[in-house]
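J.: Next comes the sequence, and after it the predicted model I'd like to discuss.
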Amino acid sequence: MELLVEGVGHAFGALPVLEGVDLEVRAGEILSLIGPSGCGKSTLLAIMGGLLRPTRGRVAARGTPPAGCLNPFTYVFQDFALLPWRTVAGNVALALEHHPLSRAERRERVAAALSTIGLAEFARTYPGRLSGGMRQRVGIARALVVRPAVLLLDEPLSALDAQTRELLIEEFLALWQRDRTTAVHITHNLGEALRLADRIVVLSRRPGRIKATVAVDVPREGRTRPEAAGRIAALHAVLWDLLREEARAAARELAA
Amino acid sequence: MELLVEGVGHAFGALPVLEGVDLEVRAGEILSLIGPSGCGKSTLLAIMGGLLRPTRGRVAARGTPPAGCLNPFTYVFQDFALLPWRTVAGNVALALEHHPLSRAERRERVAAALSTIGLAEFARTYPGRLSGGMRQRVGIARALVVRPAVLLLDEPLSALDAQTRELLIEEFLALWQRDRTTAVHITHNLGEALRLADRIVVLSRRPGRIKATVAVDVPREGRTRPEAAGRIAALHAVLWDLLREEARAAARELAA
Amino acid sequence: MSEARSVPFRGGGFVLRPRRGLSLAALAALLAAWQAATGSGWANPLFLPAPTTVAATLWELAASGALTEHLLASARRVALGWTLGTAAGLAVGLAMGIFSAARAAGLPLVSAIFPIPKIAVLPLFILWFGIGEPSKVATIAAGVFFPTVIAAFSGVDAVPRTLVRMGQSFGMPAWAIVAKIVVPGALPTVLAGFRISVAIAIILVVAAEMIGADAGLGAFVLTAGNLMRTDQLLAGVVVLSALGLAAAGLVSAAERLLLRWR
Amino acid sequence: MSEARSVPFRGGGFVLRPRRGLSLAALAALLAAWQAATGSGWANPLFLPAPTTVAATLWELAASGALTEHLLASARRVALGWTLGTAAGLAVGLAMGIFSAARAAGLPLVSAIFPIPKIAVLPLFILWFGIGEPSKVATIAAGVFFPTVIAAFSGVDAVPRTLVRMGQSFGMPAWAIVAKIVVPGALPTVLAGFRISVAIAIILVVAAEMIGADAGLGAFVLTAGNLMRTDQLLAGVVVLSALGLAAAGLVSAAERLLLRWR
Amino acid sequence: AALRLSSSGPLFIAEEAGFFRGEGLEVTFRFFTAAQPVAVAVTTGDADFGVTGLTAGFYNLAGKGALKIIAAQSADVPGFHLSACLATPRAWDGGLRGLADFPGRSVGITQTGSTFHYMIGLLARKQGFDLARVRLVPLQSIPNMVSAFRGGQVDALILPSSVALPMLAREEAKLLGWVGDATPWQLGALFTSGRTAAERRPLVARFVRAYRRGAAAYHAAFNAVDAAGRPVPGPGHDAFLAILAKYTQQPAEQIRTGLPWVDPDGRLDVGDIHDQVAWWQAQKLVDPGVDAGLILDLGFVEGHRNVPR
Ligand SMILES: Nc1ncnc2c1ncn2[C@@H]1O[C@H](COP(=O)(O)OP(=O)(O)OP(=O)(O)O)[C@@H](O)[C@H]1O
Ligand SMILES: Nc1ncnc2c1ncn2[C@@H]1O[C@H](COP(=O)(O)OP(=O)(O)OP(=O)(O)O)[C@@H](O)[C@H]1O
Ligand SMILES: [Mg+2]
Ligand SMILES: [Mg+2]
């Protein structure tokens, strides 16, 4: 599926958070969204998935969800949003319970998702007894289990160690190869964006506007190879400069 | 101040989380702690600061807190732990209110901390209306405001974009230059560890044991210079391998 | 290529907005239903006189000054009893929320004493507090005490323990943790408890004024009942209701002020 | 180099552990205080007979079978009235927690009707429900209804809205959001409300059995009170207390079961 | 301690006419809304004297030495219509026509052990029916009783005239008879605590003296009868009625119709009290150990009537 963001602006009361955002997320594309803290990334994602009504503009979708998709627009939330009164398995099952699946299939899907994220042995543990990274992984499992058409990922790997992150990135790319899920991915890790994204959108400081769109013009499979290191480093530098400009401007504003 | 972790082990009920951890954090040192998700990093930090009683071993401290230090062992929590009913300024002030400071000084310190983290204009906002990264920065401001002798940082920059992180790292290093605060710093960002740490301790998967201690043998000021890039990359590779081993072993265990 | 359709909006809802007009309409509807019930004969006017009749009675009472006298006497008792019962209830309830020993000892006592009907212990109240104001205030305070205790310790139970650990990590003294973390965290539940306890305090003014009261809405209502003056009885009830509405309004105002952060 | 000292432990506390022995000791202390009060003459034995006297009376009642009869009659009314009042209260309270319109219309009605003393409306209850079981059950149900409504909507207010948004993002239908997110999130507050409402139900058995009851603890206590037979009165009160303890035990068990995650 | 009822009229008149002040007594009234707390308040010493109806509860409390009856309050006597026996129209049509027709029917009373309960008992004795065959339904309050009566939940009631007369006027009820006409009895009394009666006799004597002057004035004003035995206004009628209106907070018009008979000298029908205690004991509602003789302190009023040998 394809997402079209048309002239979206948003303000929380008197605080303008987004202004004039036009964006097209192509079918099967992974689009990373980066920008300074508090610039409106999460807000934009909420608008894209129909969870928040923008004060201006609209979001449209084109195409039909693939067969087997239970929830076209699916989130991984920045703050995980786990139900504290449900176990890990219960939290993942929540996404399936209102769909007509057999008990066995539901159980199977949950078990598969939990073993993907490496929490099978914690299936019956309550979120309050998990570490931060474990909670985040439960949120990921819950999103994967519904086979989404568009994944809306809000810093999905922020609480994970480098190695677990790497494993999950590989898992995710394998899934993506199979289903060609469209994904919008917020991150503050440039390396992660450069691993995953087809294009990287840089937002300005609040109120967030699109400052630049950077295409990652290296085939995804080749990005970890030594040959690509130069190009990746160059892109990294470009993004870094774009972000620094914003930070400098923000600092100047503060000083004034 | 100096911290001595002596034979510390911990279990939550039947779940062993830490085993035989011996560790010395030298005065004025920055020690980074890395390890797979759920291996017991946060648990170890809680034990080090006297918030959790280990089932085995003990933690001792040597030295006296410097003058002006209001709270020797101070945390930045992984889940921020902000009071939702206090504004940003109120949350930061909380750390000062039970100390004999004049009103004016308290206000001044809070204002200074908020401008350090770039949230001066959100002083009167409630945490529920902040973005994830903004919340994390409030937690950092609250810790800095008491001039700690030992800072216990649990993934303090995980929710921040690269650029904001860089600014805060610089701020932090400046403060550290002045006060020579001892710091234990949990991170899952190897780059961050390699920027900040004197030594990096790698924990094994759960139950966490010390797997290796890697000294970062490049002067801190020189680490971003091109000359150091090779050594830093080598260290990065070493750490990466150490972590990968753990992840592989975990995966093997899961498969079995 | 297929048509682009707006992404369906799924958010919203589950957020409450005040609708003052509707609140007034609800009260008006209550009055209208009452009027209709008496008009249609569904409720016998002997037991439920029409609101117009009751209004006339109220007007007479107000004109004679009796209404003010009764209202003031009762309102003073309610205010005093509620304040005492709430203060004691919060103290005990917070202790039961914080200390295992207080909880273990207090919970069975609360569970055993709360369900004792007030009228069974009126003689004891007279014995201990006499027939003056103290026994009336004590009756109301006793009725308010128990629900407040329960609300307070349940509220404390709901405070996330990570916030308490945070306070400890900053070396906050225990009293400061209680005052700045436990109490504000328990506040939403405590305020819900207040909503219940103000209503109970008003209900109990009737039981309280069984004991040698000259003036007071409770005594007035009881006397009206004994004499089968249902218009006076209902007039008294309407005033008690209004008192309840006013008290609930105060709780709502407190919520708006103290729970702004939600 | 200075000595290494253990880092002071600052955590712990603010966590409740059951202490069964202490709970039993508290009840024993209550009995002992009662015995001491009557022995010392601080409480006139005319109004507060010694526990031994009351125990003897209880024993007689139990032996004659009267106790079982009264207890069963009342327990049935309490159970039925509580269940009806709770069901209605939860339905209305949840609606008031979810819908702005229900809250706006319901809150003033609840605030106005809750504080009306039961004795003022008993004649209406008799008229509408007769003097048989229905009016008794209705009295208890009405008393339980209001605190339950308040607990329910306050509980819903406490559910974090981010969890609701999560449910919506997964396309959960509204009923599923209510059943799986709103209700479980409100449960701690609702269970605290149950603690209050079971006690109120037991208190109200006395008011309910004012209406022409032959059997029942309330009728028994009322008669004993009218006859100034304080030993029987206290015996009845002790049984009501025990009923309250049992009901509170059930609520505690429900909490242990349903709030395991805390 | 007292209730706001016209049967406490002698007290109010004694106060307003200055009889208490004449004895050097400063009297403060404490009003209650039910009989039981009045007795409790006198027992605990919160009030020195009380006047209320004589109930089984009163006798139980008094029987423990807590209370002493020292003078009369009101009594049911023929011609003074205090308490009415009413039947619902349906029961009337079904054959409940007189005071002897109660068996097999239900009668609403306030409380077990109340004066209403006793009156039914009295009627049973007088009319010779078995009380066990009457279903007594305690309803606690007058509105409850009237409500049950209106709804046909009970067949009959005994009600104070102030409530009964309007119902009769509206033909919502049929009159079976007046209790006073059928079975006169001692309804209420002035009493004090056992301690006061024993230790402060001079005070009690002064109080009773003033009370009797009030009773005499009351009797003269309200209890005069014409040749046919019907009440007629006596001296001071209107002034005293105004006093009662003030204390009972009722319109004078309403009080006038239900003024009880009060003995002008505060003399008790002692024999009747013995009867009452014995009957309650037979009903197992008063402890068998209660001795009517010990409840009474007859030393303050001369000429009590019907004193058993
Ligand atoms: N519910 C809300 N009410 C009011 N203001 C809000 C609310 N949610 C977010 N904001 C404000 O909107 C701005 C953008 O928030 P958002 O969460 O979109 O930032 P973000 O780009 O996701 O930041 P981060 O990287 O720190 O998560 C912030 O300044 C925040 O204060
Ligand atoms: N309160 C608790 N009760 C029971 N088990 C707990 C509790 N807190 C943590 N654990 C368990 O202890 C283990 C280690 O948790 P900890 O939070 O120390 O991990 P961590 O290394 O900080 O992980 P992360 O990087 O994901 O934050 C986890 O397996 C977790 O399930
Ligand atoms: Mg965000
Ligand atoms: Mg952690």
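T.: The structure has been received and is ready for your questions. Numbering: from 1, shown residues only, chains lettered A, B, ... in the order given. Ligands and ions are numbered 1, 2, ... in the order given.
J.: Let me see the contact set for residue 74.
T.: Reading this off chain A. A:49, A:95, A:143, A:146, A:148, A:150-152, D:169-170 (CB atoms under 8 Å, 6 or more residues apart in numbering or on different chains). Using the backbone N, CA and C atoms, a C-beta is placed for each residue, glycine as well.
J.: right idea, wrong chain: chain C
T.: With CB under 8 Å, 6+ apart, residue C:74 has these contacts: C:205, C:209, C:216-218, C:240, C:243.
J.: quick revisit: save the contacts of residue A:74 as CSV, and put in secondary structure, distance to residue D:79 and pLDDT too.
T.: Output for the contacts of residue A:74, formatted as CSV (DSSP: H, G, I helix; E, B strand; the rest coil; distance: CB to CB, whole Å; pLDDT from 0 to 100):
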residue, secondary structure, distance to residue D:79, pLDDT
A:49, coil, 47, 92
A:95, helix, 38, 95
A:143, helix, 45, 94
A:146, coil, 43, 92
A:148, coil, 48, 92
A:150, strand, 52, 93
A:151, strand, 51, 93
A:152, strand, 49, 95
D:169, helix, 41, 95
D:170, coil, 38, 95
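J.: wait, which of those is closest to residue D:25?
T.: Residue D:25 has its nearest neighbour among the contacts of residue A:74 in residue A:95, at 48.9 Å by CB to CB.
J.: Test my guess that the closest one contacts residue A:142.
T.: Yes - using CB atoms under 8 Å, residue A:95 is in contact with residue A:142, at 5.1 Å.
J.: Now the common contact residues for these two.
T.: Joint contacts of residue A:95 and residue A:142 (CB under 8 Å, 6+ apart) are residue D:170.
J.: Helix or strand: which one has the nearest residue in space to residue C:6 that is not next to it in sequence?
T.: Nearest non-adjacent residue to residue C:6, counting by CB to CB, 6 or more residues apart in numbering or on different chains: residue A:60, 5.3 Å away. Using DSSP states H and E, residue A:60 sits in strand A:56-62.
J.: okay, that strand in CSV with CA atoms only?
T.: Only the C-alpha atoms of strand A:56-62 are listed here, as CSV (Å, rounded to 0.1, in the frame of the first residue of the first chain):
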residue,chain,number,x,y,z
ARG,A,56,-4.8,20.9,8.4
GLY,A,57,-4.5,18.7,5.4
ARG,A,58,-5.2,15.0,5.1
VAL,A,59,-3.7,11.6,4.7
ALA,A,60,-4.8,9.2,2.0
ALA,A,61,-3.9,5.6,1.1
ARG,A,62,-3.9,3.8,-2.2
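J.: Which elements pack onto that strand?
T.: In terms of contacts (3 or more CB pairs under 8 Å, 6 or more residues apart in numbering or on different chains; DSSP states H and E), strand A:56-62 is packed against strand A:2-12, strand C:4-6.
J.: re earlier: between the contacts of residue C:74, which sits nearest residue D:55?
T.: Distances from residue D:55 to the contacts of residue C:74, taken by CB to CB, are shortest for residue C:209, at 34.0 Å.
J.: Who are the contact partners of the nearest residue to that closest one once chain neighbours are set aside?
T.: The shortest distance from residue C:209 to any non-neighbouring residue, by CB to CB, 6+ apart, is to residue C:218 (3.2 Å). If you count contacts by CB under 8 Å, 6+ apart, residue C:218 has them with C:74, C:205-210, D:117.
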